[in-house]
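In: Take a look and give me a structure for this.
(one chain, ligands or ions: 1)
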Amino acid sequence: MTSGRCKKCPPGGRCERCKARDRYRQRAYRGGIPRKLAKQIAFEIIRLATTGIDDDPYLLPDDGLIDPLAVEIVIYGERRIALTHAERLAAATALVQRRGTARMISMRLSLPRIITESECLNSTVPVLRSFASYGI
Ligand SMILES: [Zn+2]
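Out: Numbers count the residues shown, from 1 in each chain. All right, here's what the predicted structure looks like:
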């Protein structure tokens, strides 16, 4: 499985970012968490990071649409962009399936709070506890 090259790739090779993206994609294919479970975990991570917080500058109002390009940009961590809740859920689900950690997901999605592994382990929500104890 190979990916394309970007403008920053050196001639005849690939830059660190592109290599990292390849490793990341390979990891995604190494058997994952079922989508339905990943979606539940994603939902709970977003909820944990946003509950009781008014200032969420990277959250867009829901318009009933999911912009797949925006979701993709966030999944690959290319830059910080605002998403709707539905887009956040789609991106976070994909990241859980790719074995992303809660911390990484919070950062990619620009959630108002960074959720840590230990926060998930200590959560009252069973899916978050089992997610954290997977050791991913
Ligand atoms: Zn590159």
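In: and the residue nearest to residue 56 when sequence neighbours are not counted, how many neighbours does it have?
Out: For residue 56, the nearest residue in space outside its immediate sequence neighbours is residue 112; the separation is 4.8 Å by CB to CB, 6 or more residues apart in numbering. Quick note: C-beta positions are derived from backbone N, CA and C, even for glycine. Neighbours of residue 112 under the rule other CB atoms under 10 Å: 17.
In: quick one: residue 112 and residue 106, what's the gap?
Out: In this structure, residue 112 lies at 9 Å from residue 106, with CB to CB, to the nearest Å as the measure.
In: Quick check: neighbours shared by these two?
Out: Jointly contacting residue 112 and residue 106 under the rule CB atoms under 8 Å, 6 or more residues apart in numbering are residue 49.
In: ok now the helix or strand where residue 71 lies, how far from the chain's centre?
Out: Assessed by DSSP states H and E, residue 71 sits inside helix 68-75. Relative to the centre of its chain, helix 68-75 is centred 10 Å away, using CA atoms, centre = their mean, to the nearest Å.
In: same check, this time on stretch 62-80
Out: When C-alpha coordinates are averaged (CA atoms, centre = their mean), stretch 62-80 and its chain have centres 10 Å apart.
In: Which residues does it contact?
Out: Contacts of stretch 62-80 from elsewhere in the structure, counted by CB under 8 Å, 6+ apart, are 21, 24, 58, 81, 83-87, 90-91, 94-95, 98, 107-110.
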